[in-house]
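Enquirer: Here's a sequence, model it:
(chains A, B, C, D, E, F, G and H)
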Amino acid sequence: MRDFYGVTLPTPMMLGTARFPSPAVMEAAFRSSGASVATVSLRREGGAGQAFWDMVRGLGVHLLPNTAGCHSAREAITTAQMAREYFGTDWIKLEVIGHADTLQPDPFGLLEATETLCADGFKVFPYTTEDQVLASRLIDAGCKVLMPWGAPIGSGMGLNNVHGLRTLRAAFPDVAMVVDAGLGLPSHAAQAMELGFDAILLNTAVAEAEDPAVMARAFALAVEAGALSTASGPMAMRDMAVPSTPVMGKAWL
Amino acid sequence: MRDFYGVTLPTPMMLGTARFPSPAVMEAAFRSSGASVATVSLRREGGAGQAFWDMVRGLGVHLLPNTAGCHSAREAITTAQMAREYFGTDWIKLEVIGHADTLQPDPFGLLEATETLCADGFKVFPYTTEDQVLASRLIDAGCKVLMPWGAPIGSGMGLNNVHGLRTLRAAFPDVAMVVDAGLGLPSHAAQAMELGFDAILLNTAVAEAEDPAVMARAFALAVEAGALSTASGPMAMRDMAVPSTPVMGKAWL
Amino acid sequence: MRDFYGVTLPTPMMLGTARFPSPAVMEAAFRSSGASVATVSLRREGGAGQAFWDMVRGLGVHLLPNTAGCHSAREAITTAQMAREYFGTDWIKLEVIGHADTLQPDPFGLLEATETLCADGFKVFPYTTEDQVLASRLIDAGCKVLMPWGAPIGSGMGLNNVHGLRTLRAAFPDVAMVVDAGLGLPSHAAQAMELGFDAILLNTAVAEAEDPAVMARAFALAVEAGALSTASGPMAMRDMAVPSTPVMGKAWL
Amino acid sequence: MRDFYGVTLPTPMMLGTARFPSPAVMEAAFRSSGASVATVSLRREGGAGQAFWDMVRGLGVHLLPNTAGCHSAREAITTAQMAREYFGTDWIKLEVIGHADTLQPDPFGLLEATETLCADGFKVFPYTTEDQVLASRLIDAGCKVLMPWGAPIGSGMGLNNVHGLRTLRAAFPDVAMVVDAGLGLPSHAAQAMELGFDAILLNTAVAEAEDPAVMARAFALAVEAGALSTASGPMAMRDMAVPSTPVMGKAWL
Amino acid sequence: MKIEVNGETRELAATHLAQALAELGWGEARVATALNGSFVPAAARDATELSPGDRLEVLTAMQGG
Amino acid sequence: MKIEVNGETRELAATHLAQALAELGWGEARVATALNGSFVPAAARDATELSPGDRLEVLTAMQGG
Amino acid sequence: MKIEVNGETRELAATHLAQALAELGWGEARVATALNGSFVPAAARDATELSPGDRLEVLTAMQGG
Amino acid sequence: MKIEVNGETRELAATHLAQALAELGWGEARVATALNGSFVPAAARDATELSPGDRLEVLTAMQGG
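Expert: Residues are numbered from 1 along each chain as shown, chains lettered A, B, ... in the order given. As a prediction, this is how the structure comes out:
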């Protein structure tokens, strides 16, 4: 598997920490899935911060702070700087939201923030679209990882633009790519890996399942399945049938 | 998982034994996937039969003889009787082929052969279409398992008629159903299990992969993923985005 | 366009007469669409029959009586005989319903009724599935027209199994085929004609539109569009972009 | 139909003038389709310019010059200025290409050129993606028309991201939107109009058909069909069947 | 005698189908008839005897899809 | 007599199926048999007479999908 | 002086950011700080003067997707 | 002087754009012009001086998609 800014992850699965019914259920989901990265955020101190901080450190996974909810480059940059100090990592999942309904990335604010943060030594994981031109600009700015969306955050629709994602993957074969947002079922995750992506990041589909720990495990198996499939050289699809059982030696009855 | 004529399978994966580059590779695929059923056939004795028989018995899995290549009920019935004696099992994967190009089941010949074989004590696994009326007739004839196709045998197209398969699954909630034929990628297998099917049967997608043992493992993980997903109560798909990270407590920057 | 039992239709559109808000609206839909066939049924005399009969004759189109609601071959055969006398035509849209929820055709009852009616001189328009083996049996029985479903009656889902329909179309190039049931939007109708079908039959999508006459016109244009497309030799789909504007002579600015 | 910078078009179809086998065939395509806008370009004078100019003026349609092949805002701006003088129109189909393989728009160069040209009094028709944030920036810059792609230019794939296009359409209900590029079949055009788009622009699918004039007519009918469908209030899609023929009064046979 | 007409039991004086239709007020009406599930052509109505308990269907044109 | 074995005409001295299998070198082999399109169980091979032109199928395990 | 802390106006005696955090009970807490929209590293809190009306954000770890 | 016209180097006597177009045989032709990447309106051609090495583009209508 490609590395992420020099880090080789044990599993191609990144998991959010939000929307779980309880911290215990969240921990169970990390254990059952073997997710190797946990996304976290910064919010106003209300007393619960220390306990959450202790807990996520206890997960023994890489922490990936996000800039969720930031609608401008400036907000995202300041949030990233605060996160680097708080979480002690220069990894940042950079979200610059362009629209409240779709939570889609703002290509302009995203590029601006990416250029500033890369110059400031951050290792940026940009939450982006499948736009290939935007991708090339982010790579020029210093990104070694891209996180294109599959569908709007929390929608569970899966991969809305398979052709666009395939084109993006093919355009930058050497860049690590993570499908982030919109996955709803394990088959979506397997499909993403079959398209050649390097990992997935998900949260809602696991946290909102009736049994998050089991669903987390299901996604973990699906991404591994998709990765193995890509590695094992799939058959070519055919438009006609071909008998699997040999016809030769068939009896005349 | 539902049982198959009283037998509970350790894994929801059935694997064919044909088209592998070598017996050793085939055995490796069974080991890596943990497939619990192996499909086999009868062909004219050419000297290789005994060795193959010894080998498949050595796999330690349930054997499911097929009637591949039979184009009439009579042929299929005679083949089934010979298979029962040879393989010492009353399980039969009943194929009555209706057309050489698509290898699609012949609904009429299939029903006729099913009625005869069920009456004769066979445990029939009918290779059928997603046709719900045909399904009900096969169930009336005594089938406790159905094997609807996903796509033409060996095509690797996946699930050509998702709505039809979903309708079939919903119509007979208590009948064990195996998606047989046409699967090309693990995501197809996961999707089948997410639709509520109980197992998959595949051959070409594994045997024709560059590394069959790894692809077999990929499919095994995918079916487990799909089964766990169904068991864990997936989220409902939404048409709009919903932030995963809480908005409350967001800083004003 | 292929003929239908020797009759060449002026337009490849057949329209049902049910579920319209009023007879006047229904007539408007026929006028605006130029539909060349109207489907009708027989029901218990309640006093309204004569007026409806006068009205549909006034449409000046071919009448195609159906056997809607018949769940057995016997019922369908008797209904067909009554319809032939009443409507004075040997055309019959043969429906033998296999399941009340999906209203899908019963392949067995349909074939039985078709064989009896063809032998009795009827010109059968069988409402069938995309099943190619069933199709060949219906053709052997004497059908010169097939009416495969696109989706369940009244669902408006469009073409649920495009691959199956394409295969059916290719298998019997000389048989007139009408996509019947399940069309919801004009694009579905255009797609059916692009797949090489010869006509469509619809009812609910028109009758339940807010403005049935306008929707009927929309479908009429769509089927003509699809038919012209097939006739004019469409471009081949490409996986990559090709500039339409010539690159040669481009200025260097 | 929405207007385009104050101009109401007689038909929602715009047609390119390139890749036709001959000028006569091109003229036939305009006549048969009733396309109301013709796209044209500027290239180095090689002697044929005057004749082409006379011919396109003779079409009696609105001319929409493009900036095809421009890979920078600067190139596109200069080309637009030259086109305004040459063709005597302030309409410009603004293309700023971001990648030679996909010919996809460059969001950054496109926005820069749009801002300059709108400020300079041009009526910009930007060739853009389905990106909603980019769309809002183009609208802020002064665009009253957007031309999102359906698929890469000349690919004929149709609408690659239906969800994205539906979202874009819903986000800006008052802006005229034209699906430009990638349409291959009339059903694609009908679908675009059913999604609520106001017109289509195509070229390759018509020019490369075996009979361009007939295919142009097919697309013209399809866009009209789609527009009428949207206007006539389509039925709601259902997941289950509903009989069209009334069940009441059904005989007991 | 009592026979079932379009699902309702009726007391009729008629002994033959043609008479029954007249008695039911359908003498002139354009209808198609089936007796006990079998089609009876118009030409055969005069000669078709009725028996108590017969199931008569008298059908006419209706909207259809 | 001449019978057809797995699609090839063979001259056999055997008069019964069991003998034929032995003569064909399949006396000990694990096989399933059909004569003229009908299954013949192993237990019935001794008693199964052959006639000239009979069609004998002798099958064994093979790969299948 | 009055400054705005996490969106609420507070009356503080502190003149520098470090003092303010102590006065607010966050002297020991693991937090990240921003003043008027700009990040203030922990090391700079002692030297960072406050002015009336300043907007102070004091953030901590929270769930995120 | 030598200037580049539509990508080809040409030796011209003309000192201004309008003269150059005439010398190139495009005096009457309907064309649009750009000099060194910038648009030159028709009205400005008389007054537009040329310098050695200038890049002149002379464009006309062509098919477009």
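Enquirer: ok, and the closest non-adjacent residue to residue E:37?
Expert: residue D:253 (4.9 Å; C-beta to C-beta, 6 or more residues apart in numbering or on different chains). Where you see a C-beta, it was placed from the backbone N, CA and C, and this is true even at glycine.
Enquirer: ditto for residue A:235
Expert: Among residues not flanking residue A:235 along the chain, residue B:208 sits closest, at 4.1 Å (C-beta to C-beta, 6+ apart).
Enquirer: tally of neighbours for that neighbour?
Expert: 21 (other C-beta atoms under 10 Å in any protein chain shown).
Enquirer: Nearest residue to the middle of the chain?
Expert: I went with chain A, as the question did not name one. residue A:201 (2.5 Å; C-alpha atoms, centre = their mean).
Enquirer: Let me rephrase: I mean chain E.
Expert: residue E:56 (4.6 Å).
Enquirer: contacting residues around the residue in chain E that chain H sits nearest to?
Expert: Residue of chain E nearest chain H, by C-beta to the nearest C-beta: residue E:65 (43.3 Å). The neighbours of residue E:65, taking C-beta atoms under 8 Å, 6 or more residues apart in numbering or on different chains as the test, are C:16-19, C:39, C:66, C:68, C:153, C:203-204, D:243-245.
Enquirer: now do residue A:224
Expert: Residue A:224 makes contact with A:11-12, B:218, B:221, according to C-beta under 8 Å, 6+ apart.
Enquirer: Reformat those residues as a markdown table; add distance to residue F:23.
Expert: Formatted as a markdown table, those follow (distance: C-beta to C-beta, whole Å):
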| residue | distance to residue F:23 |
| --- | --- |
| A:11 | 63 |
| A:12 | 63 |
| B:218 | 50 |
| B:221 | 52 |
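Enquirer: Please identify which two of those are farthest apart in space.
Expert: A:11 and B:218 (15.0 Å; C-beta to C-beta).
Enquirer: Of those two, which one has the most company?
Expert: Comparing residue A:11 with residue B:218 by other C-beta under 10 Å, the one with more neighbours is residue B:218, at 34 against 18.
Enquirer: ok, the contacts of residue A:224 vs residue D:137, which is closest?
Expert: Closest to residue D:137, out of all of those and judged by C-beta to C-beta, is residue A:12, at 34.6 Å.
Enquirer: Which residue, other than its chain neighbours, is closest to that closest one?
Expert: residue A:199 (3.8 Å).
Enquirer: isn't the one you found right up against residue A:7?
Expert: No - the pair residue A:199 and residue A:7 does not pass the contact test of C-beta atoms under 8 Å, sitting 11.6 Å apart.
Enquirer: can you state the direction angle for the longest helix along chain A and helix B:212-231?
Expert: Longest helix in chain A by number of residues (criterion: DSSP state H): helix A:212-231. Helix A:212-231 runs at 150 degrees relative to helix B:212-231, counting by axes from the mean of the first three to the mean of the last three C-alpha atoms, to 10 degrees.
Enquirer: picking up where we left off before, who are the contact partners of the residue nearest to the centre of chain A?
Expert: Taking C-beta under 8 Å, 6+ apart, one finds A:14-16, A:37, A:39, A:93, A:147, A:178-181 in contact with residue A:201.
Enquirer: Tabulate those residues (JSON lines), appending neighbour count.
Expert: Converted to JSON lines, these look like this (neighbours: other C-beta atoms under 10 Å in any protein chain shown):
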{"residue": "A:14", "neighbour count": "26"}
{"residue": "A:15", "neighbour count": "29"}
{"residue": "A:16", "neighbour count": "33"}
{"residue": "A:37", "neighbour count": "24"}
{"residue": "A:39", "neighbour count": "29"}
{"residue": "A:93", "neighbour count": "29"}
{"residue": "A:147", "neighbour count": "27"}
{"residue": "A:178", "neighbour count": "22"}
{"residue": "A:179", "neighbour count": "30"}
{"residue": "A:180", "neighbour count": "30"}
{"residue": "A:181", "neighbour count": "28"}
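Enquirer: Neighbours of the closest residue in space to residue A:13 that isn't next to it in sequence, how many?
Expert: In space, and not counting its chain neighbours, residue A:13 is closest to residue A:35: 4.6 Å by C-beta to C-beta, 6+ apart. Applying other C-beta under 10 Å, we find 30 residues neighbouring residue A:35.
Enquirer: my guess is residue A:35 contacts residue A:16, does it?
Expert: No - using C-beta under 8 Å, residue A:35 is not in contact with residue A:16, being 9.4 Å away.
Enquirer: contacting residues for the nearest residue to residue A:107 once chain neighbours are set aside?
Expert: Using C-beta to C-beta, 6+ apart and skipping residues adjacent in sequence, the residue nearest residue A:107 is residue A:134, 4.8 Å away. Contact analysis of residue A:134 by C-beta under 8 Å, 6+ apart lists A:107, A:110-111, A:128, D:107.
Enquirer: Could you list the buried residues of whichever strand or helix holds residue A:134?
Expert: According to DSSP states H and E, residue A:134 maps onto helix A:132-141. By neighbour count on 16 or more other C-beta atoms under 10 Å in any protein chain shown, the buried set for helix A:132-141 is A:132-139, A:141.
Enquirer: follow-up on the earlier one: now intersect the contacts of residue E:65 with the helices, please.
Expert: The helices, defined by DSSP H, take in residue C:204 from the contacts of residue E:65.
Enquirer: Please produce CSV containing the contacts of residue E:65, extended by pLDDT.
Expert: Shown next, in CSV, are the contacts of residue E:65 (pLDDT from 0 to 100):
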residue, pLDDT
C:16, 96
C:17, 96
C:18, 94
C:19, 93
C:39, 97
C:66, 96
C:68, 93
C:153, 89
C:203, 95
C:204, 94
D:243, 85
D:244, 85
D:245, 85
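Enquirer: Residue B:31 versus the residue nearest to residue A:235, what's the distance?
Expert: 19 Å (C-beta to C-beta, to the nearest Å).
Enquirer: residue boundaries of the strands in chain E?
Expert: Secondary structure of chain E by DSSP state E: the strands cover E:2-5, E:8-11, E:32-35, E:38-40, E:55-63.
Enquirer: Ok, chain A next?
Expert: In chain A, the strands defined using DSSP E lie at A:13-16, A:37-44, A:62-65, A:91-94, A:123-128, A:145-148, A:176-180, A:199-202.
Enquirer: Quick check: which of those is nearest to residue C:190?
Expert: strand A:145-148 (32.3 Å).
Enquirer: May I have the strands that pair with the closest one, each with its orientation?
Expert: Sheet pairing of strand A:145-148 (DSSP bridges) gives strand A:123-128 (parallel), strand A:176-180 (parallel).
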